[in-house]
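Colleague: Starting from these lines, generate the structure:
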Amino acid sequence: MKKYILFICLTFITLGCFAQIADSAKRHVVLQGAANFRDLGGYSTKDGHHVKWNEIYRSADMSRLTDADLLVLKDRKITYDVDLRGIKEAAGAPDKINPGTDYILCSAGSNNLGAMMKGLYTAKGKAAGDSLIMQFYKNTDSLALRYKPFFDKLLDLPTGQSLVFHCTAGKDRTGIAAALLLYSLGVPYDTIIQDYEATNYYRRTENAKAIGQMTKGLHADEEVVKAMMAAKKEYLDATFDKIKKQYGSIDNYLTTQIGLDDKKIALLKSKFLE
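Modeller: Numbering: from 1, shown residues only. This is a model prediction of the structure:
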């Protein structure tokens, strides 16, 4: 009997793994010049709907896209680009986009990251690295200024067109944007966390290179760099917890700060759920 139960459990685990691999293969958009580029489609909502495929994409830096990559974006009808980087970040590595793409830079809260980056090279140990990145996730002062234009673009996105949003690593600023969007569409928080933590998988090669460069070439503490490069549940939890503490709930925050009243939430759902 025990062997039978174990067999059943292993079967479900195996099927779950295969499902995740298949879903990952469908979600991941393989590009030569950008990492962590993926479709937000396919996620189930609490009421049984699903986020539409081929409508909304998230990515890391898009300054090194090749001509072949641009053809992929064109084929996927990605004509809206929301850049969440700071002004200097964007100017130093401007996005490569197709002609006619609607581009917007949402730099609020991204122009004063110098202190955190400086701390990256002076902090020591895992706890210090976690503390450093948590400071960013707990700072909600600029979130509305950064993300309201993002939601406005989604609400105005023409039928048949798609949108990509990104920062540099596609982890922190992009991760919070994806989390707020998926929450507004009714996706369970556990699923939101899974999407956030998936950056660890999609950026595994880039993260390994970055950790090596920063620890060997720039003499940063390895544990600090690993913490800074990771997408951990407690990081995103810190943002959501801070929002709840300040505004009572995520729903109230989306309404009062992002401007998503019931009518706009309904519009988002009608546009991006099936």
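
Colleague: quick one: low-confidence parts of the chain?
Modeller: Along the chain, the model assigns pLDDT under 70 to residues 1-24, 113-121.

Colleague: ok, now how distant is the nearest residue to residue 72 once chain neighbours are set aside from residue 122?
Modeller: Sequence neighbours aside, residue 31 is the residue nearest to residue 72 in space, at 6.3 Å (criterion: C-beta to C-beta, 6 or more residues apart in numbering). Where you see a C-beta, it was placed from the backbone N, CA and C, and this is true even at glycine. Relative to residue 122, residue 31 is positioned 35 Å away (C-beta to C-beta, to the nearest Å).

Colleague: More neighbours: which of these two?
Modeller: residue 31 (20 against 11; other C-beta atoms under 10 Å).

Colleague: wouldn't that one be in contact with residue 38 here?
Modeller: No - using C-beta atoms under 8 Å, residue 31 makes no contact with residue 38, being 10.3 Å away.

Colleague: Okay, now the sheet partners of the helix or strand harbouring residue 104, with direction.
Modeller: Assigned by DSSP states H and E, residue 104 falls within strand 102-105. Paired with strand 102-105 in the same sheet, following DSSP bridges, are strand 78-83 (parallel).

Colleague: moving C-terminal of the strand it pairs with, what's the next helix or strand?
Modeller: Taking DSSP H and E, what comes next after strand 78-83 is helix 87-92.

Colleague: what comes into contact with the strand holding residue 104?
Modeller: 79, 80, 81, 82, 83, 85, 87, 90, 95, 97, 149, 153 (C-beta atoms under 8 Å, 6 or more residues apart in numbering).

Colleague: Identify the bridge partners of the third one.
Modeller: In other words, residue 81. Going by DSSP bridges, residue 81 forms beta bridges with residue 103, residue 164.

Colleague: List the contacts of it.
Modeller: Residue 81 makes contact with 62, 95, 97, 101, 102, 103, 104, 163, 164, 165, 166, according to C-beta under 8 Å, 6+ apart.

Colleague: dump the residue contacts of the last one.
Modeller: By C-beta under 8 Å, 6+ apart, the contact list for residue 166 reads 58, 59, 60, 61, 62, 81, 82, 83, 84, 85, 174.

Colleague: Could you say which helix or strand holds residue 133?
Modeller: Judged by DSSP H and E, residue 133 forms part of helix 126-138.

Colleague: Perfect, I'm done here.
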